[in-house]
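Undergrad: Test case, fold it:
(chains A and B)
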2 protein chains.
Amino acid sequence: MTPTLIPPAQLLDRLRWRYATKTFDAARKIPADTWSALEDSLALSASSFGLQPYRVLVINNPATRERLLPHAWNQRQVTDASHFLVFAARTRVTETDIDGFIHFIARTRGVTPESLADYRGMMTGMLLSDAFRPLVPHWTARQAYIALGNLLTSAALLSVDACPMEGFVPAEFDKVLGLAAQDLASVVCCALGYRDAEDSYALAPKVRLPKSELLRVL
Amino acid sequence: MTPTLIPPAQLLDRLRWRYATKTFDAARKIPADTWSALEDSLALSASSFGLQPYRVLVINNPATRERLLPHAWNQRQVTDASHFLVFAARTRVTETDIDGFIHFIARTRGVTPESLADYRGMMTGMLLSDAFRPLVPHWTARQAYIALGNLLTSAALLSVDACPMEGFVPAEFDKVLGLAAQDLASVVCCALGYRDAEDSYALAPKVRLPKSELLRVL
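TA: Residues are numbered from 1 along each chain as shown, chains lettered A, B, ... in the order given. Predicted structure coming up:
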C-alpha cells in the first residue's frame, strides 16, 4: 500500500527542480514504466464535464518529428527529446459526441443513460448553444491545458524533464498531422525527456512573482 | 534532504484518489502549512514566456463568498470549502507590462535589460501584434489553466480535495470582485478543502477514455 500523501517540502522541491528544458540529452529515453505512468497521469486529468475533448498525439516517428521541426522555429526539443507530444483539441462538439459520452458514463457506472438526463441537458444546453459554438475551440483548448499542467507536475514528480511549447505554427502542424479531417486542432506541445548536462537554463534563477502579488486575499 | 522523485505508483494512487468534490466538510480547514505549500505550488506554475498573466483571488471573506454563490448556480462548494479561488486572467498585455517583466527578469538573474532584447522582441512581436490582440484574453486564460492543472495535482499529492469549477457567470463574478477596472476577468474557479464523508461522488467509478483512445502514437 502506498502512503497517502507526500510531504509538502518534497512537492515543492520537485516543482522548483522543474524548468522549461531547452536542450535535451538526445541519447536518454524515458523508461517504459515511467512513460506508462505519465500516460496514466494524462488519462487521469480533470476536464469539464469529464468530456476530455482533446487527444494527445505522441510523435515517435523520427521522420514526422523532422517534418514538424521547421514549423516549430527549428527548436531542437522537437527532435531531441525522448518523447514529443502534441495536444490536439476538438474543434467542435456535437450532440452525437455528447450522447456517446453519456452512454460511456452509463456503462462505466452501471446506470441507465436515462438517469443521466439532467447531466446531458447541462452539457447540450451549454455546448450546443449558438452563443457558445464559436467558443468551443477555446474551451476544448483550455481543457487540454489542464492536462498539460497536470503533466508538467507529474513529470517533475517522476524527475522527468519537460518543455511546454507554444512556439509552433498550429496550422502547419495540423497539415502534417492531418488533424482538420478529424475535427482536431493542435493547441500546445510538450517535449519530455532528460535535460542535457550543458543546458545552462537549468541553473538560471526562477523568475516568479512574489506570492503577495500573484495571490490576492479578499 | 528530500528524495528526488516519488514512486510512479504513488503518483497514480493520488491522481485516482482525486475527484471533483461536490460536498465539502465545512468544518474542516486546510492547515496553514499545507495551504502555504499550495500557494507556493501555484507560484511555481509554468506559463508562456514566464509572464504569469493572471492573478489568483483567494476569497476568504464569507460575505463575499455569499455574494458569489448565486452567480455559481448556488453550488455550495463556493461557501463550504475551506478555500475558494478565482483565477482571473489579464484582459490585455501592454508594452509597459512587458518592459516591467523584462526588468524583473534582469533584476532576478543579475543581467542587464539590454541583454534580454531578443526575448523582449519575441514577446512584443507576438503579444502586441494587431492579429494577436483579440486572442490575448484566450491566451492568458490558457496560462491560468496550466496553473489550475498544476494545482489539482499538487492538492491531490497533499491529500487536499478540490473542485475545479467553470459553472459560474464570469461577468457577475467580475462585478462582485471589481475585476474589469484591473484589466482582469474571471476564467475558472477552484474550491479546496476536504470531502464530506457523505459525498457519494467520491465512490463513483472514474469515467476516462482508454489510453488507446486518448493517446495516439504516430
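
Undergrad: Most proximal residue of chain A with respect to chain B?
TA: The minimum distance from chain A to chain B, using C-beta to the nearest C-beta, falls at residue A:149 (2.2 Å). C-beta here means a position set from N, CA and C on the backbone, and glycine is covered the same way.

Undergrad: Distance check, that residue against residue B:48.
TA: Counting by C-beta to C-beta, to the nearest Å, the gap from residue A:149 to residue B:48 is 12 Å.

Undergrad: between those two, who's got more neighbours?
TA: Here residue A:149 and residue B:48 are compared on neighbour count by other C-beta atoms under 10 Å in any protein chain shown; more neighbours surround residue A:149, at 29 against 21.

Undergrad: Contact partners for that one?
TA: When contacts are counted by C-beta atoms under 8 Å, 6 or more residues apart in numbering or on different chains, residue A:149 touches B:45-46, B:145-153.

Undergrad: Could you say which helix or strand holds it?
TA: Assigning secondary structure by DSSP states H and E places residue A:149 in helix A:136-157.

Undergrad: what's near enough to touch residue A:6?
TA: Contact criterion C-beta under 8 Å, 6+ apart gives A:157, B:6, B:10, B:14, B:157-158 as the residues in contact with residue A:6.

Undergrad: On the three-state scheme, residue A:163 is what?
TA: Under the three-state scheme (DSSP: H, G, I helix; E, B strand; the rest coil), the conformation of residue A:163 reads as strand.

Undergrad: how many neighbours does it have?
TA: Each residue near residue A:163 was counted by other C-beta under 10 Å, and the total is 25.

Undergrad: Generate TSV for the contacts of residue A:149, with pLDDT as supplementary columns.
TA: What follows is the contacts of residue A:149, written out as TSV (pLDDT from 0 to 100):
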residue	pLDDT
B:45	98
B:46	98
B:145	98
B:146	98
B:147	98
B:148	98
B:149	98
B:150	98
B:151	98
B:152	98
B:153	98
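
Undergrad: Max pairwise distance over these: which two?
TA: Greatest spatial distance in the contacts of residue A:149: B:46 and B:152, 14.5 Å, computed using C-beta to C-beta.

Undergrad: roughly how far apart are the residue of chain A closest to chain B and residue A:213?
TA: Shown here: residue A:149 relative to residue A:213, a distance of 20 Å by C-beta to C-beta.

Undergrad: any idea of the mean pLDDT in the host helix or strand of residue A:63?
TA: Assessed by DSSP H and E, residue A:63 sits inside helix A:62-68. Model confidence over helix A:62-68 averages 98 on the pLDDT scale.

Undergrad: C-terminal to it, what's the next element?
TA: On the C-terminal side of helix A:62-68, the closest following helix or strand by DSSP H and E is helix A:77-80.

Undergrad: Pretty sure residue A:85 sits in a helix.
TA: No. Residue A:85: not assigned to a helix; according to three-state DSSP it is strand.

Undergrad: OK, contacts around it?
TA: Counting by C-beta under 8 Å, 6+ apart, residue A:85 touches A:56-59, A:151, A:189-192.

Undergrad: Sweet, I'm off.
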